[in-house]
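**Student:** what's the 3D shape of this:
(chains A and B)
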Amino acid sequence: MATDENRLVKDAVLEIGVEELPARFMRQALADAREYIIEALATARLEASEVRVYGTPRRIIVQLRQVAPRQNDLVREVRGPAARAAFDSEGKPTKAALGFARSTGVSVEALACRPTPQGDYVYATVTEGGRPAGAVLAEVFPQMIAAMSFPKSMRWGSHDFRFARPIRWILALLGTDVIDFHTHAVSSGRATWGHRTLAPGAHEIESAEEYLLRLRELGVMADPQERAKSIREQAESLTSSIGGQAVIDPELLEEVTFLVEWPRAFVGRFASDYLDLPEACVITPMKDHQRYFPVREPGGNLMSVFVGVRNGGDHAIDVVREGNEKVLAARLADARFFYEEDMKRPLAERADDLRGVVFQEKLGTMYEKATRIGLLASELLYGAPEAALVQRTACLAKADLVTSVVREFTELQGVMGREYALRQGEDRTVAEAIFEHYLPRFAGDVLPASPLGAALSVADKIDTLVGYFSIGLIPSGSADPYALRRQAAGAVSVHAEWKFRVGLDSLVARAASLFGEAGVAGDASRQAQVVEDVMGFIRARMKASLEEAGLRHDIADAVLAAGFGRPVCVFERAQAVAQVVDEGWFAALATAGSRVRNIAMNAQSEAFNPTLFQDDAEHALFDAAKSLEAEVRTSIEARMSGFVDRTAYISALERMSVISPVIDRYFEKVMVMVDDEAVRNNRLAMLKWVSGVLSMVIDLSTIVFAGE
Amino acid sequence: MIFQDLILTLERYWAQRDVTIQQPYVVEVGAGTMSPHTFLRVLGPEPWSVAYVQPSRRPADGRYGDNPNRLFQHHQYQVILKPSPDNVQDLYLGSLAAIGIDPAQHDIRFVEDNWEAPTLGAWGTGWEVWLDGMEITQFTYFQQVGGIEVRPVSAEITYGLERIAMYLQRVDNVYDLKWVGDLTYGDVYHRAEYEFSKYAFELADIDVLRASFENYEREASRCIDQSLILPAYDYVLKCSHVFNILDARGAFGTAQRAEYMARVRSLARLVARAWVDREHEEAAVNGDRRE
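**Tutor:** Numbering: from 1, shown residues only, chains lettered A, B, ... in the order given. Coordinates of the predicted model:
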C-alpha cells in the first residue's frame, strides 16, 4: 500500500438500532455477525485490521478497524483466440488479436501466448481496479442485516421482512462519511439513540473513530464483556460490605448483561422469615422471575438480601430498590402461601389425588401411571435391597404434581417432592429417589445417584414411551411434541449407567402387557407390534448417541445388530470394536464373517448333522466354531455379571479371529451349493449356525472396510 | 392517582392520538385480546386503532379475596395499533408519563416475552414491561391470530391496571386501592372475588360444565356453518371461559387439558378464517360496485 494511502485508512462502524432484543439471542447473533463480516470482507477483497462486535439490548454493533481505502485489485487472465489465428506467419497480430486486445483493454504488445491442451492460445492479463471501501460496505452491511437469523424472528408494521425485533435506525460511518444504504425500511445515517433515560433521543456522531467514546457519553456501555465485568464487580463489592457473597450464575449474568445498556447494581432486602422456606421456593422467584442474584453467607446459608441490576445510573436508585423489594416480597408471600398449603397435607395423602389427574386421556390417570412405574422398577431392582421401597416411592414420586408450589413453578417438580418427603419424615433414600426419577431433565444433565432413583427414572420413561406408542402418538420426522426422543435417550443413559440386568426389551414388553391389561395396548399381536416399534425407536436413539460419540455409522449398526436390550453392553462393545477395527486380523475376520453370512442367507434351517460332512475342512470349521461358541458365551456372560472388565469384548473378538483361516480353508475345499440336496442343505445349515456364532459380539457383515 | 382517573387519563391520552375508544366486551373473557375488537379486527388488511378497558376473568387466579395481589377478575387497558407505528414504544412511554410514571425516575425495562394464546391459535413477539422489577404491561406484535399470519402487524399494549394503580397509590393490597373518593377497590369487588373463587374451586359442577362446553361448541359450529361469525365467536369465548372454570376446578390432567384447548383452538381458527374470507368477499363486492 502506498504511503500516502496509509493516511487515508479509516475505521468503519455499523450500528443496527433496534427495539429491545431478547437477551438469549445476543451471544449467537454477535458471533454470527462477526463471522459474516469477516467472510464478506475476504470475498470483497477489502482489508481491515480488526473486526469487533458489540451488543446491547438496543443495538448490534460491528466495528471495523483500519479499513483499506479500496478493495484490492483483482488480476485475472483472460483467454483469447488461438495463437495461430492471432498472429500471421510473420508474427504480426491479426484482426483477431487486435480485437481481443481492445475488448480486454490491454495493448497488443502485452498479449502473451501460452500452451493449453487444445494448443497455444493468446492471453491478456486484466487488472480490475478495486472499488472504494464505502461503496463496498454499502453493499456488505445491508446484506449482513438481511442474512442475520434468530431463533425467533418477527414482522412489524406493513413490512414483510423479518428481524428479531423492529429495526428503528441504522448508523453506518466510514471515517466521517455516512455509508449510504437503505434496508428494512430504514436509511442509514450518522444518528444514534442514547440510553433511554441517561441521554434520550437522537445524537449525531462525527466519525467512526469517536463512535464508542461518544456512545459511552450517551450512557451506553457497548461491550458486553465490560458490562458483565462491571455487574460482577458491583455485586461483589456491594455484598462483601454486608458480609455476604453474591451467587453469580453465569447464565443469569449473561442474561442480565443483555438487559441493560448501563448496569447499576443495588442491594435489596426481604423479610428474613422467608428463609425458613425451602431454598428452591426463595431462589426460584428471585432468579427465574426477577433476575436477581441470591446472596449467601460465608458458611453457605442464604441471606435475606438480593442483588438487582438497574438499567441506568444512580438517579432515584432508592425508588428503584424499593419497587423491586415490593415485587419480591409479593412473590415470596405467594411462595409461602403455596408452601404452607402444601404442608397441610402429607405427600402420601396427596398420592391418592393422582386418581383425579389424567396422565393422558387414553392412558388413564397419574395414579395408574405411578402404579405401573412401581411394577416396572421392581423388575429392575429384583433381588436388590431397595426393592422393598419401590412401591411406596413410586406412589410418592408424582404426588408433588398436586401441590401448589409445583403448579406455580412447574420446574420445581421433583425438587419439591423431595423437600416435602424429607420434611414429612420419609426415608431419605425415598426422598432422593423422588427427585432423581425425573433425571436426566435435559441432555447432559446429571443422572440418578441411587439405584432406586435410577430404576424409577427408567421405569417412568419406558412407561411413557410404551403408552404413547400404544395409542399411536409416535414421533415422526422433526415433530416430537411429547419429547419422546428425550425420554428414550434418558432411559438408555440411566440404564447404561446403572448396568441393570433386566434389559430394556423385557421392560418394554412388560409395560406393553400392563397397558394391555388396562385395555389400552390391544391384543397380544398388537402389543408385540408396539414392543417392536418402541425398541426400534430406542435403537435409533442409541445409534444417534453412538454416532455422537464419534463411532462410525457401520460399526454402530454392527454393534446394535448383535442385540441392544442392555445399553451398557452396546456401549462397551462399541468401544471394543472401535479399538480393533483398524487391525489386520479384524478385517480378515469381518471378511470371512461376511462370506459365511452371504451364503448362509440361503439356508432353510439351522439343523445340521455332522455325519453328513464329507470333507475335513467341514469338521475343522464345526470344531472351531463349537469351541468358539462356548468360549465367547462364557466371556460375555462373565462381563455381563461384572466378573471381568470391559476388555472382555476385545479378547472375545481376538479369540474369534482364529477362525478366519479355518473359514478360508473351508471355502477353498468345500463346494457348498452342490446338487445333492441333503448335503447342500446340511452345509447351508451349518454355515448359518457359524454365522450366528460370529455375530455374538457384533454383526461383522455390516462393517465397511476402506477399498470396498 | 385514583383508579378511575387512571382509566380516564389513559382514555384521554390515546383518544388524543386518534385511537377509537371502545367499551368492554360483554361475554366473559380472560384477556382484552379475546374481545372481537382485537381478535377479529387484527385480521385482514384494514387499519384499526382502538383502546378499551377489559375486565378479564381468570378463575384459576382467584384467591377468595384473601391475597393482596391475585384476583379472579382484573382490569386490562387494551390498546391496538394497526399497523404498528414506528414510534410505538415512545407512544407507550409517553402514556406512562401521562399517568405519572416518569421513565427517568424509574427502571423501565422491556424484557422478552413472546405472548401466545394457544386457545386462540395466536402468538406474537414482544416484551413484558417492567417498572422497577414489576410487570405492568404486556407489549406484543401479533404475528399469527386464529392460525392466520396477520398482515399488517398490529401492536398490542395491555396495561395491568391494578398493578399500576397499586404502584401509583403506594398500597400493598389491591383491595385498599382508592377507586374514587372513599370508595375502595375492595368495596366494589371483594365480595365478587370471594364468591367467584368459592364457585370455581369448590362448587362448579364438572358434569354440567362439560355438557355446557359441548353445547357451546356445537352452537359455535352451527353459527359458523351459517356464516354468522360474531355469534359463533361469542360461543367460542363461552367455551373458553367454561374451560377455564373446569381447569380451576382441577378437572383436567395434562393431556385432557391439551385436548380441550385444541377444541377451542380449532373453533377459533374456523372463526378467524371465516372472518378473513368474508372481508375478501366484501372487498370483491365493493370493487364490483365501483366498476
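**Student:** any idea which helix or strand carries residue A:460?
**Tutor:** Using DSSP states H and E, residue A:460 sits within helix A:451-470.
**Student:** anything in that helix near chain B?
**Tutor:** No. Judged by CB under 8 Å from any CB of the partner chain, helix A:451-470 makes no contact with chain B; its nearest approach is 9.8 Å. Any C-beta I mention is one placed from the backbone N, CA and C, and that applies to glycine too.
**Student:** and for stretch A:223-237?
**Tutor:** No. On the criterion CB under 8 Å from any CB, stretch A:223-237 is out of touch with chain B, staying 14.3 Å away.
**Student:** residues touching the nearest residue in space to residue A:298 that is not next to it in sequence, list them.
**Tutor:** Spatial nearest neighbour of residue A:298, excluding adjacent residues (CB to CB, 6 or more residues apart in numbering or on different chains): residue A:245 at 7.0 Å. Taking CB atoms under 8 Å, 6 or more residues apart in numbering or on different chains, we find residue A:245 in contact with A:236, A:239, A:295, A:296, A:297, A:298.
**Student:** which phi and psi does the third one have?
**Tutor:** Just to be clear, that refers to residue A:295. Main-chain dihedrals, residue A:295, degrees, to the nearest 10: phi -130, psi 130.
**Student:** same deal with the fifth one?
**Tutor:** When quoted as degrees, to the nearest 10, the phi and psi of residue A:297 stand at phi -70, psi 160.
**Student:** select the longest helix from the chain.
**Tutor:** Let's take chain A. Determined from DSSP state H, the single longest helix within chain A is helix A:317-344.
**Student:** that's the wrong chain, I wanted chain B
**Tutor:** Determined from DSSP H, the single longest helix within chain B is helix B:254-290.
**Student:** and stretch A:360-378, anywhere near chain B?
**Tutor:** Yes. Using CB under 8 Å from any CB, stretch A:360-378 reaches chain B at A:360, A:361, A:363, A:365, A:366.
**Student:** burial of the first one, as a residue count?
**Tutor:** Think residue A:360. 22 (other CB atoms under 10 Å in any protein chain shown).
**Student:** with the third one instead?
**Tutor:** Taking other CB under 10 Å as the neighbour definition, residue A:363 ends up with a count of 25.
**Student:** ok, now which ones touch the closest residue to it other than its chain neighbours?
**Tutor:** Nearest non-adjacent residue to residue A:363, counting by CB to CB, 6+ apart: residue A:467, 4.5 Å away. Counting by CB under 8 Å, 6+ apart, residue A:467 touches A:359, A:360, A:363, A:369, A:511, A:515, A:520.
**Student:** coming back round to it: so for the longest helix of chain B, mean pLDDT?
**Tutor:** For helix B:254-290, mean pLDDT is 83.
**Student:** other SSEs contacting that helix?
**Tutor:** Secondary structure elements in contact with helix B:254-290, counted by 3 or more CB pairs under 8 Å, 6 or more residues apart in numbering or on different chains; DSSP states H and E, are strand A:358-360, strand B:148-149, helix B:206-225, helix B:229-248.
**Student:** distance from it to the middle of the chain?
**Tutor:** 18 Å (CA atoms, centre = their mean, to the nearest Å).
**Student:** for stretch A:628-639, same thing?
**Tutor:** In this view, stretch A:628-639 has its centroid 38 Å away from the chain centroid, taken as CA atoms, centre = their mean.
**Student:** stretch A:384-397 too?
**Tutor:** Centroid separation for stretch A:384-397 versus its chain: 33 Å, with CA atoms, centre = their mean.
**Student:** cool, stretch B:84-96 as well?
**Tutor:** Taking CA atoms, centre = their mean, the mean C-alpha location of stretch B:84-96 is offset from the chain mean by 19 Å.
**Student:** and it, average pLDDT?
**Tutor:** On average, stretch B:84-96 scores 97.
**Student:** what is the neighbour count of residue 247?
**Tutor:** Here I'm looking at chain A. By the measure other CB under 10 Å, the count of residues near residue A:247 is 19.
**Student:** could you do chain B instead?
**Tutor:** 17.
**Student:** quick one: pLDDT of the closest residue in space to residue A:150 that isn't next to it in sequence?
**Tutor:** Among residues not flanking residue A:150 along the chain, residue A:164 sits closest, at 4.1 Å (CB to CB, 6+ apart). For residue A:164, the pLDDT comes out at 97.
**Student:** can you check residue A:454 too?
**Tutor:** pLDDT recorded at residue A:454 is 96.
**Student:** domain map for the chain?
**Tutor:** Picking chain A for this. With automatic domain parsing as the criterion, the domains of chain A are listed as A:3-70+A:132-217, A:77-127, A:224-344, A:348-548, A:567-702.
**Student:** looking at chain B here, not the other one
**Tutor:** Taken from automatic domain parsing, chain B resolves into B:3-200, B:205-283.
**Student:** can you put the ones you listed in CSV and add distance to residue A:76?
**Tutor:** Output for the domains of chain B, formatted as CSV (distance: least, CB to CB, whole Å):
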stretch, distance to residue A:76
domain B:3-200, 46
domain B:205-283, 55
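**Student:** go through those and name the closest to residue A:455.
**Tutor:** Among these, domain B:205-283 comes nearest to residue A:455, with 23.8 Å by CB to CB.
**Student:** where's the closest residue to chain A within the stretch 1-150 of chain B relative to residue A:693, distance?
**Tutor:** Relative to chain A, the nearest point of the stretch 1-150 of chain B is residue B:132 (2.6 Å; CB to the nearest CB). Taking CB to CB, to the nearest Å as the measure, residue B:132 falls 75 Å from residue A:693.
**Student:** coming back round to it: for the residues of stretch A:360-378 next to chain B, which one is nearest residue A:282?
**Tutor:** residue A:366 (27.9 Å).
**Student:** ok, that closest one touching residue A:352?
**Tutor:** No. Between residue A:366 and residue A:352 there is no contact under CB atoms under 8 Å: 10.8 Å.
**Student:** of the domains of chain B, which is nearest residue A:663?
**Tutor:** It's domain B:205-283; of these, that one is closest to residue A:663 (CB to CB) at 55.3 Å.
**Student:** return the distance of that closest one from the chain's centre.
**Tutor:** Using CA atoms, centre = their mean, the mean C-alpha position of domain B:205-283 is found 16 Å from that of the whole chain.
**Student:** same thing with stretch B:34-51?
**Tutor:** On CA atoms, centre = their mean, the centre of stretch B:34-51 falls 12 Å from the chain's centre.
**Student:** re the thing from before, and the residue nearest to residue A:298, how far from chain B?
**Tutor:** 22 Å (CB to the nearest CB, to the nearest Å).
**Student:** which phi and psi does that residue have?
**Tutor:** According to degrees, to the nearest 10, the main-chain angles of residue A:245 amount to phi -140, psi 130.
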